[in-house]
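A.B. asks: fold the following and give me the result.
(one chain, ligands or ions: 1)
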Amino acid sequence: VTSIMWFRRDLRLEDNTALSHALKDSEKLLLLFQVNPEQFLTESLNQQAFFASLTAFQQNVNRNAHLQILYGNPQESFQKIKDTLTDWDRVYFNQDERGFGNTRDREIEKFFKEQGIVVHSYMDHHLHGAKEIKNKQGSFYKVFTPYYQQWKEKIKPTPVETPFNPKIVIKETLFPKDEQQLEELIADLPDQNSDSIGEKAAIEQLNRFLTEDLSDYETARDYPNLDKTSRLSRHLRTGELSIRTVWQELQKQKNSIAKQTFEKELCWRDFYNMIYAANPEQKEQPIQEQFRFIRWQNDQDNFSAWKKGQTGFPIVDAAMRQLNQTGWMHNRLRMIVASFLTKDLLIDWRWGERYFQQMLIDYDPASNIGGWQWAASTGTDAVPYFRIFNPTTQAKKFDPSGAFIRSYLPELRELPEKLIHEPYKMSEEDQRNYGIQLGTDYPFQIVDHKEMRKKAIYAYEASKEFA
Ligand code: FAD
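C.D. replies: As a prediction, the model looks like this:
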């Protein structure tokens, strides 16, 4: 009989729960990735990055086995397999606990049942799954701190031995047309730096971070210019890196505040996964009912200026250009630009969430929606609506010399520290001296922070009254 190992966001051969079971229990095994065009986005760095990782994974698997690609809607794809491999009777995969993946899993499981296919599905993506940590009443937590208190006491899962046996894997290409379709799809994508993707690169990045940067993490992680965060998000998103491996390697480091802070960040990942599983409508709707009636201004020109990094607020613009150029943005900057979009521009957080979905190479719906609802003050345990970030103060605090701003805004490179955060204050003479014409080379501020702050507070209070 034949089994299928269905890979999704677990693109790795080591420490993979479903794969370890599939290898142990099977006589003949089909390794599969199913490409579903329903999930496609246009002009998306996120998608490009995922396909680059998929291609790297396929090359790795194909060295001594074969990763079969199927293209189309999942049910049609599995029907095709059923028609081709008549002795197929089992499927293995790592579960999705929330969002699109969860809905897809529930639908396809009905199909498997009808076809007599036995499903073996496993928890694999998180240190603690969405339903594992509940409060005394047996309900989901809403606030992070008590969740974290319980989370940190719980024993963490250890890496799963996954001895790969290529002998049992079906190597013949069963669906050449589907593989060709994937090749055509990725042919036009810009080359990704292959040194920074794949399972091996992910482990190297983990080791580099732990040996070189972890000790400074506590003090340096908030400063975008220092680039001292782990940069593991991309690998965790594709599953090139197992979270259990991260935890195990982290535990080998000596105890420190930095280590605890990093552990806490990993807890946020589990927390937001739990929040999304508990609030499946969260992508479309604010969690807090009192903020479902905010009258957003949703000005298209302002939205476009925000996306392009042309708002006249250097820290916001540099951050957005980092996103557009690299597909990644530093956490402090994600908070600043999300706060700016929602409170300074009064643009619906869902617009920002979708733009991040399109651009982020580490896009994870639970963390992204969680981050946006936090910044928009609509989420659970979010920043209070009246505590509004001042983008200029944030910039002076977290990029004091303006080094980060200069690295993404070449037009401001010559500005001295006293002007780098507020170029709109340049006199005519300054503009001549530094060779910048405001309004031409760099925009004036598109909004007045003080005025918008008042408007935002009013919009949130009005929503509360209406609710
Ligand atoms: P590190 O500081 O090294 O953190 C290590 C790991 O901990 C990260 O890789 C990530 O898995 C986890 N982590 C850290 N902070 C958070 C957090 N606040 N929430 C959840 N997990 C966290 N993270 C994503 O992985 N995908 C997203 O789509 C995403 N969107 C965000 C949107 C907004 C508006 C905000 C404010 C935050 C978002 N984050 C998202 C969280 C955070 O910004 C990134 O995880 C982090 O910047 C990734 O870089 P790193 O791996 O170097 O982080």
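
A.B. asks: wait, a strand at residue 33?
C.D. replies: Yes - secondary structure of residue 33 (DSSP: H, G, I helix; E, B strand; the rest coil): part of a strand.

A.B. asks: surely it touches residue 51?
C.D. replies: No - judged on C-beta atoms under 8 Å, residue 33 makes no contact with residue 51 at a distance of 10.7 Å. For the C-beta atoms, the positions are set from N, CA and C on the backbone; glycine is no exception.

A.B. asks: assign residue 68 to helix, strand or coil.
C.D. replies: Going by three-state DSSP: residue 68 is strand.

A.B. asks: so what's it closest to, chain neighbours aside?
C.D. replies: Leaving out its chain neighbours, the residue that sits closest to residue 68 by C-beta to C-beta, 6 or more residues apart in numbering is residue 32, at 5.1 Å.

A.B. asks: burial measure for the one you found, as a count.
C.D. replies: Neighbours of residue 32 under the rule other C-beta atoms under 10 Å: 23.

A.B. asks: swap in residue 437?
C.D. replies: Neighbours of residue 437 (other C-beta under 10 Å): 13.

A.B. asks: please name the residues that touch it.
C.D. replies: For residue 437, the contacting residues are residue 431, by C-beta atoms under 8 Å, 6 or more residues apart in numbering.

A.B. asks: likewise the one 10 residues further on?
C.D. replies: For residue 447, the set of contacting residues under the criterion of C-beta under 8 Å, 6+ apart consists of 302, 311, 344, 345.

A.B. asks: with neighbour count, distance to residue 372 and pLDDT added, can I get these in JSON lines?
C.D. replies: Output for the contacts of residue 447, formatted as JSON lines (neighbours: other C-beta atoms under 10 Å; distance: C-beta to C-beta, whole Å; pLDDT from 0 to 100):
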{"residue": "302", "neighbour count": "18", "distance to residue 372": "17", "pLDDT": "98"}
{"residue": "311", "neighbour count": "25", "distance to residue 372": "18", "pLDDT": "98"}
{"residue": "344", "neighbour count": "28", "distance to residue 372": "15", "pLDDT": "98"}
{"residue": "345", "neighbour count": "24", "distance to residue 372": "14", "pLDDT": "98"}
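
A.B. asks: do stretch 268-277 and the ligand meet?
C.D. replies: Yes - applying C-beta under 6 Å from any ligand atom, one finds stretch 268-277 in contact with the ligand at 268, 269, 272.

A.B. asks: what is the mean pLDDT for that stretch?
C.D. replies: Regarding stretch 268-277, the rounded mean pLDDT is 98.

A.B. asks: ditto for stretch 41-50
C.D. replies: On average, stretch 41-50 scores 91.

A.B. asks: same check on stretch 16-25?
C.D. replies: Here stretch 16-25 scores 98 as its mean pLDDT.

A.B. asks: adjust the sequence numbering to begin at 820 for everything that follows.
C.D. replies: Let's use 820 as the start, then, which means that last one is stretch 835-844.

A.B. asks: in it, what counts as buried?
C.D. replies: Buried residues in stretch 835-844, counted by 16 or more other C-beta atoms under 10 Å: 835, 836, 837, 838, 839, 840, 841, 842.
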